[in-house]
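Enquirer: A structural model of the following input is requested.
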Amino acid sequence: MDVIEPAAPSIAFYADDFTGATDTLATAARAGLRSMLFLRPPTAAQRQQAGPLDCLGIAGAARSMQAQDLEKELLSVGRYLARLGAPVTHYKICSTFDSSPETGSIGLAARTLRAALGSPRFIPVVGGQPNLGRYCVFGNLFAAYRTGREAYRLDRHPTMSRHPVTPMDEADLRLHLARQGMARMSSIQYPDYGRADFAAEVERAIDAGPDGVLFDIAAQEHLPIVGRVLWRYAKRERLLAVGASSVVAALAEAWEEGPGGERKAGMPAPDTLGEEAAGPVFVLSGSLSPLTASQIAAAVSYRKLPVQAETLLSADAHAREALLQEIVRSLGAGENVLAHLTGSAVHDPAALARASGLFLSRVLAAGIRPWRVGVAGGDTSSHAIQALDVWGLSYRGQLDHGAALCRLHSGSAQLAGIDVMLKGGQMGAPDIFERLAGA
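Expert: Coordinates of the predicted model:
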């Protein structure tokens, strides 16, 4: 008997890394939208198991991909999203737009998805995410070094201007994206939001910016204004939106009722953060950011095991096996374990991220089932979850801005039901790992 898929959601997103994907999942779920994050385009049976959805996400790793691999990935995903038929398709990117023409090209992704969706006329680019300290003002992006602290123009940001893979040397997002093929962009700047002819200004911007229309987001109150614009157009013709989780936040804030006309649930998903610890916690950190280093220093509830990149990358498996057995012994004894990368940036960070993912899969297959798992580092998180026999994630609770706790869905009894936190290198409070451990 054939399995019939549920109706199309109102918004479907592809996220270019896993940490961002879980943030978008959390944003949707906390807004009362029925939401599920899949690790690849879901089968009909998986869709049916997830039930009716307002928001369907697919977590990817395009942010770390070179052009050929990125295009191949999004051609496949684009065909699925076209068949799915959501009014809004969202290409979810990192809130700092980190990308380049060679790596994680947002422009190439937008062109590929746009063609798959039948070349929609309106490509809104939502420029900021205030709850993470990201602000787009007159087309220029500013980012806080830590949430709630001083914001820096992106090309002067202490970390993003020195990113080991995609250093951000241009804060004007129109110029940044023009390098990636989105040369014909226009922008709507936030003082225009209060104008009487705002709707006409949006139309002019669409005509002037066939490659995209950049919307300033300088404050939280700008999100519902932009969300109403997006939904008004989406009800007439499906659109492709580009931006961080603020795209979903904007739509959710604009919907006084559910996107199909029904009242929204208005209740976040169950918050499980107060649960009593039911076993050890394992954290794998592939991030070398100063913020993650301070979080590791504050993780007093863990046994910390420094890991050299060569241990994970070397063809000689002896040191890797020794590390694996040490972790398994500690978890078996009920200890929380934090294995963290040490040393300087490596020549091939993508290869290291893949090796980290494979190592995590071996830890979780070793027979000791952790209560919770944490992964730090955007690329590390993406490859780590891809290496597991997992088909989806659902939202469980919020540890901090940009650090959601999610539940794994899998056909494997060893993995199904484990709660996992995926955290970017720049995200989370100083005690984020302690929060994960329930301390």
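Enquirer: use CA for all of it now, contacts and neighbours both
Expert: Noted.
Enquirer: Report the mean per-residue pLDDT for stretch 363-377.
Expert: Throughout stretch 363-377, pLDDT has a mean value of 89.
Enquirer: Give the buried residues for that stretch.
Expert: Of all the residues in stretch 363-377, those buried under the rule 16 or more other Cα atoms under 10 Å are 363-364, 368-377.
Enquirer: Alpha carbons of it, as PDB, please.
Expert: Output in PDB follows, covering the C-alpha atoms of stretch 363-377 (Å, rounded to 0.1, in the frame of the first residue of the first chain):
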ATOM      1  CA  VAL A 363      31.800   6.900  19.900                       C
ATOM      2  CA  LEU A 364      28.000   6.600  19.700                       C
ATOM      3  CA  ALA A 365      28.300   3.100  18.200                       C
ATOM      4  CA  ALA A 366      30.500   1.800  21.000                       C
ATOM      5  CA  GLY A 367      27.700   0.700  23.200                       C
ATOM      6  CA  ILE A 368      27.600   3.400  25.900                       C
ATOM      7  CA  ARG A 369      24.500   5.500  25.300                       C
ATOM      8  CA  PRO A 370      25.000   9.200  26.500                       C
ATOM      9  CA  TRP A 371      22.100  11.100  27.900                       C
ATOM     10  CA  ARG A 372      23.000  14.100  25.800                       C
ATOM     11  CA  VAL A 373      25.600  14.900  23.100                       C
ATOM     12  CA  GLY A 374      27.100  18.300  22.200                       C
ATOM     13  CA  VAL A 375      29.000  19.300  19.100                       C
ATOM     14  CA  ALA A 376      30.800  22.600  18.800                       C
ATOM     15  CA  GLY A 377      31.800  24.100  15.500                       C
END
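Enquirer: For stretch 94-106, which outside residues touch it?
Expert: Stretch 94-106 is contacted by residues 16-17, 20, 62-67, 70, 93, 107, 128-129, 134, 141, 143, 154, 160, 165-168, 177, 179-180, 243-245 when judged by Cα atoms under 8 Å, 6 or more residues apart in numbering.
Enquirer: Helices of this structure, residue ranges please.
Expert: 18-30, 44-50, 67-84, 106-116, 173-178, 198-208, 222-234, 246-254, 290-297, 309-313, 318-332, 349-364, 378-386, 432-436 (DSSP state H).
Enquirer: Just want the angle from the fourth one to helix 67-84.
Expert: Angle between the axes of helix 106-116 and helix 67-84 is 40 degrees (criterion: axes from the mean of the first three to the mean of the last three Cα atoms, to 10 degrees).
Enquirer: How about the first one?
Expert: Between helix 18-30 and helix 67-84, the angle comes out at 20 degrees (the same axes, to 10 degrees).
Enquirer: closest to His409 out of the helices of the chain?
Expert: Checking the helices of the chain against His409 by Cα to Cα gives helix 44-50 as the closest, at 9.8 Å.
Enquirer: and the closest one, which residues are buried?
Expert: Buried residues in helix 44-50 (16+ other Cα under 10 Å): 46-47, 50.
Enquirer: List just the nearest of these to Met427.
Expert: For the buried residues of helix 44-50, the nearest to Met427 is Ala50 (28.5 Å; Cα to Cα).
Enquirer: Distance of the closest one relative to Trp391?
Expert: Look at Ala50 and Trp391: by Cα to Cα, to the nearest Å, they are 11 Å apart.
Enquirer: Please apply the same query to Thr19.
Expert: Distance, Thr19 to Trp391, using Cα to Cα: 16 Å.
Enquirer: what about those two, which has more around it?
Expert: When Thr19 and Trp391 are compared for neighbours, Thr19 comes out ahead with 31 against 20, by other Cα atoms under 10 Å.
Enquirer: and the most centrally placed residue in the chain, what pLDDT?
Expert: In the chain, the residue lying closest to the centroid (Cα atoms, centre = their mean) is Gly20, at 1.2 Å. Here, the pLDDT recorded for Gly20 equals 84.
Enquirer: Verify the contact between it and Tyr91 for me.
Expert: No: look at Gly20 against Tyr91 with Cα atoms under 8 Å: they stay out of range, at 11.1 Å.
Enquirer: Taking helix 349-364 as reference, get the angle to the worst-scoring helix or strand of the chain on mean pLDDT.
Expert: The helix or strand of the chain with the lowest confidence, counting by mean pLDDT, DSSP states H and E, is helix 378-386 at a mean of 78. Here helix 378-386 points in a direction 40 degrees away from that of helix 349-364 (the same axes, to 10 degrees).
Enquirer: which residues touch helix 378-386?
Expert: Here helix 378-386 makes contact (Cα under 8 Å, 6+ apart) with 17-20, 39, 59-61, 63-64, 285-287, 350, 352-354, 356-358, 360-361, 375, 422-425.
Enquirer: change it to 7 Å
Expert: Residues from elsewhere that reach helix 378-386, judged by Cα atoms under 7 Å, 6 or more residues apart in numbering: 17-19, 60-61, 64, 286, 353-354, 356-358, 360, 375, 422-425.
Enquirer: where are the low-confidence patches of this structure?
Expert: 1-4, 147-148, 256-274, 344-347, 439 (pLDDT under 70).
Enquirer: How is it divided into domains?
Expert: Per automatic domain parsing, the structural domains of the chain span 11-254, 281-436.
Enquirer: Output the ones you listed in JSON lines; the columns should cover distance to Glu5.
Expert: As requested, the domains of the chain are exported to JSON lines (distance: least, Cα to Cα, whole Å):
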{"stretch": "domain 11-254", "distance to Glu5": "5"}
{"stretch": "domain 281-436", "distance to Glu5": "16"}
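Enquirer: Nearest to Glu275, out of those domains?
Expert: Of all the domains of the chain, it is domain 281-436 that lies closest to Glu275, at 10.7 Å by Cα to Cα.
Enquirer: And the longest strand along the chain, what's buried?
Expert: Identified as the longest strand of the chain according to DSSP state E is strand 392-400. Neighbour-count burial for strand 392-400 flags 392-399 (criterion: 16+ other Cα under 10 Å).
Enquirer: Specify which member of the buried residues of helix 44-50 is nearest to Leu415.
Expert: Proximity of these to Leu415 (Cα to Cα) peaks at Gln46, which lies at 16.4 Å.
Enquirer: Tell me the spacing between the closest one and Leu81.
Expert: From Gln46 across to Leu81, the span is 16 Å (Cα to Cα).
Enquirer: do the same with Ala218
Expert: 30 Å.
Enquirer: do the same with Ala250
Expert: As judged by Cα to Cα, Ala250 and Leu81 stand 21 Å apart.
Enquirer: likewise Ile58?
Expert: Applying Cα to Cα, the value for Ile58 to Leu81 is 10 Å.
Enquirer: Looking at the two, which is more packed in?
Expert: Between Ile58 and Leu81, Ile58 has the larger neighbour count (other Cα under 10 Å), namely 27 against 24.
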